[in-house]
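Peer 1: how would this look folded up:
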Amino acid sequence: MSQPHIDVRYVANLARLELSDEEIATFQPQLDAILGHVETLSQLDVDGIEASAHAVPVFGRMRADEPHTSLPLSAVLQNAPDQSQGQIRVPKVVADA
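Peer 2: Reported below is the predicted structural model:
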């Protein structure tokens, strides 16, 4: 497969960038080099390699759903400004539908 060629002027136009001729002369070889690396990567044999979102496994992203307090629940409720039936009452924040 031949190496793709994308004109820097075309990309700059899509991004609504105004580039000078010097900038185009600088960026065109850089863009060609990037596309060459992508072409090299596309030739790699990846059969049998499972796709992953992270390079290393991610563990412990969610904390346990437990209250982290050394106080008994009755002491917490005692300090609540409004409580009823063993629960802390809060103002309604959802309007009637």
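Peer 1: the closest residue to residue 88 other than its chain neighbours sits in which helix or strand?
Peer 2: Among residues not flanking residue 88 along the chain, residue 80 sits closest, at 4.5 Å (CB to CB, 6 or more residues apart in numbering). For glycine as for every other residue, the C-beta is placed from the backbone atoms N, C-alpha and C. Assigned by DSSP states H and E, residue 80 belongs to neither a helix nor a strand.
Peer 1: with residue 12 instead?
Peer 2: Using DSSP H and E, residue 12 falls in helix 8-14.
Peer 1: and the next helix or strand past the lowest-mean-pLDDT helix or strand in the chain?
Peer 2: For the chain, counting by mean pLDDT, DSSP states H and E, helix 73-78 ranks last in confidence among helices and strands (a mean of 76). Scanning forward in sequence from helix 73-78 by DSSP H and E, the next helix or strand is strand 83-84.
Peer 1: same for that following strand, what does it pack against?
Peer 2: For strand 83-84, not one helix or strand is in contact under the criterion 3 or more CB pairs under 8 Å, 6 or more residues apart in numbering; DSSP states H and E.
Peer 1: how much space between the residue lying closest to residue 28 once chain neighbours are set aside and residue 60?
Peer 2: Using CB to CB, 6+ apart and skipping the chain neighbours, the partner closest in space to residue 28 is residue 8 (4.7 Å). Separation of residue 8 from residue 60 (CB to CB, to the nearest Å): 45 Å.
Peer 1: more neighbours: those two, which one.
Peer 2: A count of neighbours by other CB atoms under 10 Å puts residue 8 above the other of residue 8 and residue 60, at 19 against 6.
Peer 1: my read: that one touches residue 19, true?
Peer 2: Yes: with contact defined as CB atoms under 8 Å, residue 8 reaches residue 19; the gap is 6.9 Å.
Peer 1: what segments of the chain are strands?
Peer 2: 83-84, 87-88 (DSSP state E).
Peer 1: note down every partner strand of the first one and its orientation.
Peer 2: In the sheet, strand 83-84 lines up against strand 87-88 (antiparallel) (DSSP bridges).
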